[in-house]
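**Student:** with the input below, show me the fold.
(one chain, ligands or ions: 1)
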Amino acid sequence: MNIRPARVGDVPAIYELIRKFADRKVMIRRSMGELYESIREFLVALDEDGRVVGCVALHVFWEDLAELKCLAVAEEAQGTGIGRRLVDACWEQATELEINSVFALTYAVGFFERCGYDQMDKADLPHKIWNECVRCPLFPNCKEVALIRSHVPISRPAEPAGASARGLALAPA
Ligand SMILES: CC(C)(COP(=O)(O)OP(=O)(O)OC[C@H]1O[C@@H](n2cnc3c(N)ncnc32)[C@H](O)[C@@H]1OP(=O)(O)O)[C@@H](O)C(=O)NCCC(=O)NCCS
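**Tutor:** Presented below is the predicted three-dimensional model:
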């Protein structure tokens, strides 16, 4: 199994992978157009025949915060460590970019906890993230859980509510 940055030729396979889980309402559907536009955010996992069996994207929000999104592993390839390798690869990318914290919104809580993520209060995430959520068919009754992995301790902002651009304060270690 090989993990590499996605190429435009991978877009149809990524689209299909996500579509299957979006049909079951465990992921947000992505159009082909969106995938082409954000292809540089994606990593793909390939099996020995070069078939795309997993994907993930890392979206940078701010100087110290990125979102791990669009994580999917083909059903027949699940349970073999591909998901964890994709999540770890994203963490490495974030670290190389000098981003301290990566969060995910997901139903796969146990999986992310196995990958070193801790649950957090969704309300502490920047308001910007809801721009995408409003497109989800489950909004506003979504039960997705926020999880975060960080190089620094997470704390609430010291300044008055609304004063922080991000709504999330990451205190230096
Ligand atoms: C969640 C998902 C990415 C996991 O991928 P995977 O390749 O099957 O996971 P891995 O084999 O790498 O599992 C890593 C660990 O997590 C555990 N795990 C996997 N799925 C889990 C789940 N749903 N709940 C709890 N633990 C889980 C595994 O048992 C393994 O544990 P270990 O540390 O004892 O080895 C995959 O099931 C998937 O694509 N689901 C549908 C789409 C989805 O929900 N994506 C997340 C949206 S952000």
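**Student:** which strand or helix spans residue 148?
**Tutor:** Using DSSP states H and E, residue 148 sits in strand 145-150.
**Student:** what strands line up against the lengthiest strand in the chain, and which way round?
**Tutor:** Ranked by residue count, the top strand of the chain under DSSP state E comes out as strand 52-62. Strand 52-62 has its sheet partners listed here by DSSP bridges as strand 42-46 (antiparallel), strand 65-73 (antiparallel).
**Student:** if we can go back for a sec, what about the strand holding residue 148 and the ligand, touching?
**Tutor:** No: Strand 145-150 is not in contact with the ligand by Cβ under 6 Å from any ligand atom; minimum separation 9.3 Å. The way it works is simple: take the backbone N, C-alpha and C, and place the C-beta from them, glycine included.
**Student:** quickly run through the sheet partners of that strand, with directions.
**Tutor:** Partners of strand 145-150, by DSSP bridges, with direction: strand 101-106 (antiparallel), strand 118-120 (antiparallel).
**Student:** near the ligand, which residues of the chain?
**Tutor:** 21, 26-27, 71-73, 78-84, 104, 106-108, 110-111, 114.
**Student:** need the contact list for residue 46.
**Tutor:** For residue 46, the contacting residues are 1-4, 52-53, by Cβ atoms under 8 Å, 6 or more residues apart in numbering.
**Student:** ok, these vs residue 31, which is closest?
**Tutor:** residue 52 (17.5 Å; Cβ to Cβ).
**Student:** for stretch 97-113, measure first residue to last.
**Tutor:** 23 Å (Cα to Cα, to the nearest Å).
**Student:** in that stretch, what's buried?
**Tutor:** Buried residues in stretch 97-113, counted by 16 or more other Cβ atoms under 10 Å: 99-106, 108, 111-112.
**Student:** which parts of the protein are helices?
**Tutor:** Per DSSP state H, the chain carries helices over the ranges 11-23, 32-37, 82-96, 109-114, 130-133.
**Student:** burial measure for the residue nearest to residue 132 when sequence neighbours are not counted, as a count.
**Tutor:** Using Cβ to Cβ, 6 or more residues apart in numbering and skipping the chain neighbours, the partner closest in space to residue 132 is residue 28 (7.0 Å). Residue 28 has 21 neighbouring residues, counting by other Cβ atoms under 10 Å.
**Student:** kindly report the same for residue 49.
**Tutor:** Neighbour tally, residue 49, other Cβ under 10 Å: 6.
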